[in-house]
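**Student:** A predicted structure for the sequence below; I have some questions about it.
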Amino acid sequence: MPETFDTNRRRLLKSVAAIPLLSLLGMSLTGVSARAAAADLVYGASDPAAKQGGSLTVGSLIEPPSFDIYHQAGEAVNFVAPLMYQTLVYADHDGNPHPLLAESWEINEDASVYTFKLRSGVTFHTGQPFEAADVKYSLDYMRNAENGTIGALDFADIDTVEAIDPLTVRVTLKQPNSAFLITLTHRNGSIIPRDWYAGENARARLNSTSVGTGPFRLVEFVQNSYMRLERNQDYWQPGLPYLDEIVVNFIPNSAGMLVAVRNGRVDMAVLVRPQDAEQLEGVGGLTVQRSRSLNQKSLDLDSEHGPLKDERVRQAIALLIDKEAVMQAAISGYGQVLGTTVPGLQERWGVPLGELPNQTVDVDRAKALLAEAGHPDGIDIELRTIIGYDWMEPAALTLVEQLAKGGVRVAIQRLDLGTWLQNFRARQMGFTLNDWGTPPDPNILYYRHFHKKPEGADFRNWANDEASTLLDEGRQALAYEDRKAIYDRFQKLLAESVPTVMMFGADHIVVVSDAVKNHAMHPIGWHFGLVKTWVDK
Amino acid sequence: MTRFIVFRCLAAVLTVWLASMVVFAMVRAAPGDIIEMMMGQMGSSEGEAALRRFFGLDQPVYVQYFDWLGRVVTGDFGSSWRQGSPVLELVFNAFTVSFELALLVLIVSSLIGVPLGLLAGYRAGSAVDTIIQAFNVLFLATPVFWLALMLLFGVSTFFYWSPPTIYVSPLRSLGDNLVILAMPMASLAFLQIAAYAQFVRQHVVQALQQDYVRALKARGVPARTILGKHVLRNILVPLITFMGLIFIQILGGVVVIESLFGLPGLGRLLVNALYARDFPVVQGALVMVLISAIAVNLLVDILYRAIDPRLRS
C-alpha cells in the first residue's frame, strides 16, 4: 500500500510560488497567469485529466448534528458544510486568501475598511441571484449575538456592512484587522439568501435542503445513517465539481469503518485515530494519504485553578512533559510535535522549537521550581479528559507517568463532552487535555483564546497584559515581517508563562480507494478537496 | 379476562407517566445542555441566552415538564432540537429497525434453540447432549460485541465481504434489508440460541422425571409425541416468559451492534441524542422503550392465560 505524503500540496506549493503573497495586504491579483494560478488553488489543484460524473461514498465516524450552519458549531458540520455553503474568501493550503464569492477586494490603508466586488451570475440553490444584500444579511445576522449564532465573537470587530450596489459590499471594522480576510474564510462567513432565518421553520429546513451557492446541494440527510449531496447544475465555476454525487455514510465505529473501507463499501474514509491506518497495511487497492493539519492536541492550564495560579508550577509541568513520547502513545507518531503553533502554521509563523523556553524535559529544574513555589513535596492535581476522544486516554496515562517524576501526582478525571464544554465556556477548564484547530492565521489562532477579557475570551484566565498588547499589535500590523516579529514575541511569552502546552498536531489520515483521483485534504480538515476529486470507476 | 386487560393497561399508563417524570428530571439533571453542544467553543453569553429562550430552556423544569406532557397527551412529542424532524417519526423509524432485528433474532434463535434444547434434554448425558451443552457454555460466555467483531473481521478477511453500511428498509427492498441485517442478526443469535437451548434442556430434564412422562412411556407413546405434545406444552409458560425477557433484552442491548454495523436503530438514536442533549428525542425514545417493554410484558401475561387454563380463574 503506497503512502503519499501530501503530493498534491507539493504541487500546489509549486504553483503558489508564482503568486506574490501580497493578497494579504488586500491588493487584488492582476495579470492573466496569476489569475489562472489563483483559480487553480481554490479547492485545490485542478486535474486536466479529470472525468466528469460518478458517485463517491465517504465514510465518516462523526455525524453533523444539524445543518443549521449559523447556530450549530462543530467539526462534524464544518467538514461538509463548505461543499454546500460558500464564503467571500477562500484560504488555500498555505493560508493565502483567494477570491471565492468575492471577485476581488480593496482594503484601505489601515485595514479597517474592506470593499468587496462580488461575483456576478451566481445563484443560490434556491434559484435566487446572489447579491450584496445577501452578504449584508448574512454577516449582520451572524454577528448579532442576540440571534444565538456561533460566529458572533468572530465578527465582533465589524462596525457596519453596507450594500453599496448589487455587486459591491463595504465592511467597516471598529479597529484595523489585517486577518479579516482569513476570518471570512471560516464557514461562519458562509453566505445564505437574505432573510432566510425570518422564514417559517427556517432552521429545521436546512436539514432537508441546502440554500447556499456551493458546488453541491443537499438532497437527503437521514439521521444516524447517511447524507447525499448532488452536483449543483448551476454552479458558477465552469467544469466543476467533477463528481455528480457524494454520499457521506456515518459509521460511528472504527472497526466497522475499517472493514467497510477494505471491502469497498466506502471509497474514502477519514480516520480519526491515525494509528488505524496501520491496520490497512498490505491491503491492495487502497492508498493512505497523510497530510499536515491545523489541529493541536494540547494540555491547558487554567491560571486560576489551584496550584496552577503560580506561573512556576505551570513552568514545572511544562518541563516534565516529553511531547514526543506523549504523541507516540496517543497517535503512534502520525503527527508533529509542536512548540507554540499548529503544524500548518509552523513554517510561516512558528518560532523554531529550539528557540522557545520550557520545551525540553528538565526534572531537576521542575522540582526546584515547585519547591520555590512552596510545594517541596510536589502537588496533587486532577487532569481532565473528554470521553470519546480516543487519543486522550493514552496521552493522559503517559502524562501521569511523566509528571510523577517531578512530584506532580495526577489523577485522571473523565468527562463527557457536554460537561467539559460547560466548564470550558464558564472559564473553569482546570487542568485538561484539549483538541482544537484554527483557520490559517495567527490572529485567529491566538486572539480569542489568549487575549484578556472582554476583547478575548481568555478561556484559561491567563489575563496577561503584555500578551494582550502584542495580540492587539499583531491584529493591526499589515506587513508580514511586522506581524511575524510580533507573533514571535507573543509565542515566546506563551512558552514562558505556560497557559497551555501545545503538545502535538495529528496529521490528517485519509484512506482512499484506487478509483479516487485528485484528492487532497485541506489542512483545516474540511472537505474542500472533494470539489476537485473525481472517480475512475 | 377483559377486566384483567383493562386493569393491566391502566397500570401500564400509570407506569409510563411516572417513568416519564423520572426520565424528564434525569436528562435535565445531567450537566450541560444542547446550547453547549451547539455552540461548542464558539459561544457568547448573549447567544447562549438567545438559544436557551428559543428552546424554552430558560423556563423552570416543572413548567417545561407540564408543557411537554400537555403536548404528549395530544400525541405531539415535539421535534428534535437538532434537526427539527418530528420526534415520533425519528423514534418510530429507529424503533422499526431495532424491532425487526430483535424479531429476527427471536425467531431464528427460538427455531434453532428450542429443538436443540429438546434434543439435549431428551438425550441427557449422551454425546449429543455434551456437544450441545458445550455449544451453550461457549456462546453464553462469549460477549456479543466480541463475537460480532470476529464475525465481521473473519468474513471480511476470508470472503472479502462485509454488509452494506447504508441501511435499506424492508419495505424498499426486503432482500437488501436481509443482507444488511444477516450479520448483526447472527452476532446476536448465537447467544440467544444457547440461552434457549439451555433453558429448554433444563425444563425437559425436569419434566422427563415426572410421573406423567413415565406413564406415557410405559404406554408406548413415541418419544416425538411425548416431547412435542406433552413436555413442550408443559414448559410453554416459562418459555414464553423467557422469550419476553429475552426480546426486551435484545431490544435494549443492540446499541453496540447498531454502532458496529452502522444501523440507524433505537439504541443509536438514544445514545446520539443523549450526547447531543437533544432532550425531546431522548424523552421520546425512552418513553417508546418503556412502552414496548410494558407491551411485551402485557402480551406475555395475556398469552399465559390463553395457554394455561389454571391462570384464568
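**Tutor:** Happy to help now that I have it.

**Student:** now do the SS call for residue 192.
**Tutor:** You didn't say which chain, so I picked chain A. Secondary structure assignment for residue A:192 (DSSP: H, G, I helix; E, B strand; the rest coil): coil.

**Student:** can you pull the contacts of the closest residue to chain B within chain A?
**Tutor:** Here chain A gets closest to chain B at one residue, residue A:204, 2.1 Å apart by C-beta to the nearest C-beta. Glycine gets a C-beta too; all of them are placed from N, C-alpha and C. Residues counted as contacts of residue A:204 (C-beta atoms under 8 Å, 6 or more residues apart in numbering or on different chains) are A:68, B:79, B:83, B:84, B:85.

**Student:** cutoff 7 Å now
**Tutor:** Contacts for residue A:204 (C-beta atoms under 7 Å, 6 or more residues apart in numbering or on different chains) come out as B:79, B:83, B:84.

**Student:** ok, and the most crowded of those residues?
**Tutor:** The most crowded member of those, judged by other C-beta atoms under 10 Å in any protein chain shown, is residue B:83 (24 neighbours).

**Student:** just confirm it is within a helix.
**Tutor:** No. Residue B:83: not assigned to a helix; according to three-state DSSP it is coil.

**Student:** now do it, the pLDDT please.
**Tutor:** Residue B:83 is assigned 86 on the pLDDT scale.

**Student:** residue A:235 too?
**Tutor:** We note a pLDDT of 97 for residue A:235 in this prediction.

**Student:** name the element the residue nearest to residue B:248 when sequence neighbours are not counted belongs to?
**Tutor:** Leaving aside its chain neighbours, residue B:248 sits nearest to residue B:293 (5.1 Å; criterion: C-beta to C-beta, 6 or more residues apart in numbering or on different chains). Assigned by DSSP states H and E, residue B:293 belongs to helix B:279-307.

**Student:** number of nearby residues for the residue nearest to residue B:248?
**Tutor:** There are 19 residues near residue B:293, going by other C-beta under 10 Å.

**Student:** surely it and residue B:250 touch.
**Tutor:** No. If you go by C-beta atoms under 7 Å, residue B:293 and residue B:250 don't touch, sitting 11.8 Å apart.

**Student:** give me the helices and strands touching the helix holding residue B:293, please.
**Tutor:** Here helix B:279-307 touches helix B:2-29, helix B:87-122, helix B:236-253, helix B:266-276, going by 3 or more C-beta pairs under 7 Å, 6 or more residues apart in numbering or on different chains; DSSP states H and E.

**Student:** between those, which one is closest to residue B:305.
**Tutor:** Nearest of the helices and strands packed on helix B:279-307 to residue B:305, taken as C-beta to C-beta: helix B:2-29 at 7.2 Å.

**Student:** C-terminal to that closest one, what's the next element?
**Tutor:** According to DSSP H and E, the helix or strand after helix B:2-29 is helix B:34-39.

**Student:** what does the following helix or strand past that next one contact?
**Tutor:** Toward the C-terminus, helix B:34-39 is succeeded by helix B:45-55 as the next helix or strand (DSSP H and E). Residues outside helix B:45-55 that contact it (C-beta under 7 Å, 6+ apart) are A:71, A:145-149, A:152, B:34-35, B:38-39, B:58, B:81.

**Student:** can you list those in a markdown table and add distance to residue A:343 and neighbour count?
**Tutor:** Compiled in a markdown table, those are given as follows (distance: C-beta to C-beta, whole Å; neighbours: other C-beta atoms under 10 Å in any protein chain shown):
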| residue | distance to residue A:343 | neighbour count |
| --- | --- | --- |
| A:71 | 30 | 22 |
| A:145 | 32 | 21 |
| A:146 | 37 | 12 |
| A:147 | 34 | 19 |
| A:148 | 33 | 24 |
| A:149 | 30 | 28 |
| A:152 | 29 | 24 |
| B:34 | 33 | 22 |
| B:35 | 32 | 25 |
| B:38 | 28 | 28 |
| B:39 | 26 | 23 |
| B:58 | 42 | 13 |
| B:81 | 36 | 29 |
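
**Student:** quick one: end-to-end length of stretch B:254-268, please.
**Tutor:** Start and end residues of stretch B:254-268 are separated by 9 Å (C-alpha to C-alpha, to the nearest Å).

**Student:** just to revisit the earlier point, do you know the pLDDT at the residue of chain A closest to chain B?
**Tutor:** Here the pLDDT value assigned to residue A:204 is 92.

**Student:** hey, C-alpha coordinates of the helix or strand hosting it in CSV?
**Tutor:** Using DSSP H and E, residue A:204 falls within helix A:202-205. The C-alpha coordinates for helix A:202-205 follow below in CSV (Å, rounded to 0.1, in the frame of the first residue of the first chain):
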residue,chain,number,x,y,z
ALA,A,202,-36.1,28.0,8.6
ARG,A,203,-33.6,26.2,10.9
ALA,A,204,-35.1,22.8,10.5
ARG,A,205,-35.5,23.2,6.8
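
**Student:** C-terminal to that helix, what's the next element?
**Tutor:** Counting by DSSP H and E, the element after helix A:202-205 in chain order, helix or strand, is strand A:216-222.

**Student:** whichever helix or strand comes after that next one packs against which elements?
**Tutor:** From strand A:216-222 onward toward the C-terminus, using DSSP H and E, the following helix or strand is strand A:226-231. Secondary structure elements in contact with strand A:226-231, counted by 3+ C-beta pairs under 7 Å, 6+ apart, are strand A:216-222, strand A:245-250.

**Student:** give me the contact list for the longest one.
**Tutor:** Under the contact criterion C-beta under 7 Å, 6+ apart, strand A:216-222 has outside partners A:67, A:83-84, A:125, A:207-210, A:227-232, A:241, A:246, B:264.

**Student:** ditto for stretch A:168-177
**Tutor:** The contact list for stretch A:168-177, computed with C-beta under 7 Å, 6+ apart, reads A:110-118, A:132, A:135-136, A:157-164, A:180, A:475-476.

**Student:** follow-up on the earlier one: what is the nearest of the contacts of helix B:45-55 to residue B:68?
**Tutor:** For these, the nearest to residue B:68 is residue B:81 (12.4 Å; C-beta to C-beta).
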